[in-house]
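# this one's structure only:
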Ligand SMILES: [Zn+2]
């Protein structure tokens, strides 16, 4: 069973010729051997990734980026009070702090990845929780 890994060495696919650099996310499988930065090419080489997490995402074109399905959102037409703007600034600051923390703790994780976003979001929640406790 293959998996998505962070490339430790730069390389090039023997099948499709696409190349990758150190630190890039690539698809890798030991047995039967398959390696490529392109998901489709990896699958054609006999690669197979079992990942229930990714099953909830639709692949966008080729490549390794996944996007959630689009959901319609209607912005309510209301006046935003200043106190809420101040609160939002605290939240943004917490997210920034959480981003730095997550990056410190998971230096190999792509900051654009879904997992990194999840960790950052959880940390931001916890920072805000502790902050609100102290503010009381
Ligand atoms: Zn390839």
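Received, thanks. Everything numeric here is computed off the predicted structure, so don't read it as measured data.
# residue ranges with poor pLDDT in this protein?
Across the chain, the ranges flagged by pLDDT under 70 are 50-69.
# residue 32 touches residue 48, doesn't it?
No. Assessed by C-beta atoms under 8 Å, residue 32 is found out of contact with residue 48, at 9.2 Å. Just so you know, the C-beta spots here come from the backbone N, C-alpha and C atoms, and that holds for glycine as well.
# who has more neighbours out of the two?
residue 48 (14 against 10; other C-beta atoms under 10 Å).
# for the residue nearest to that one when sequence neighbours are not counted, grab phi and psi.
Nearest residue to residue 48, sequence neighbours excluded (C-beta to C-beta, 6 or more residues apart in numbering): residue 2, at 5.8 Å. For residue 2, the backbone dihedrals (degrees, to the nearest 10) come out as phi -90, psi 170.
# what sits against the one residue sitting closest to the centre of the chain?
Residue closest to the mean C-alpha point of the chain, counted by C-alpha atoms, centre = their mean, is residue 113 at 1.4 Å. Taking C-beta atoms under 8 Å, 6 or more residues apart in numbering, we find residue 113 in contact with residue 25.
# returning to that earlier point: from the ion, how far out is the residue nearest to residue 48?
13 Å (C-beta to the ion, to the nearest Å).
# what's the answer for residue 117, then?
Distance, residue 117 to the ion, using C-beta to the ion: 27 Å.
# is it fair to say that residue lies in a helix?
Yes. Assessed by DSSP: H, G, I helix; E, B strand; the rest coil, residue 117 belongs to a helix.
# let's have the chain start at 20 instead
Sure thing, new numbering starts at 20, so read that last one as residue 136.
# that one: neighbour count?
Neighbour count of residue 136, defined by other C-beta under 10 Å: 14.
# next one: residue 150
13.
# for the lengthiest helix in the chain, packing partners?
Longest helix in the chain, counting residues (DSSP state H): helix 101-124. When contacts are defined as 3 or more C-beta pairs under 8 Å, 6 or more residues apart in numbering; DSSP states H and E, helix 101-124 sits against helix 133-154.
# give me the residues contacting the helix it packs on.
72, 76, 85, 109-110, 113-114, 116-118, 120-121, 124-125, 128-129.
# contact residues of this protein facing the ion?
32, 34-35, 55, 60 (C-beta under 5 Å from the ion).
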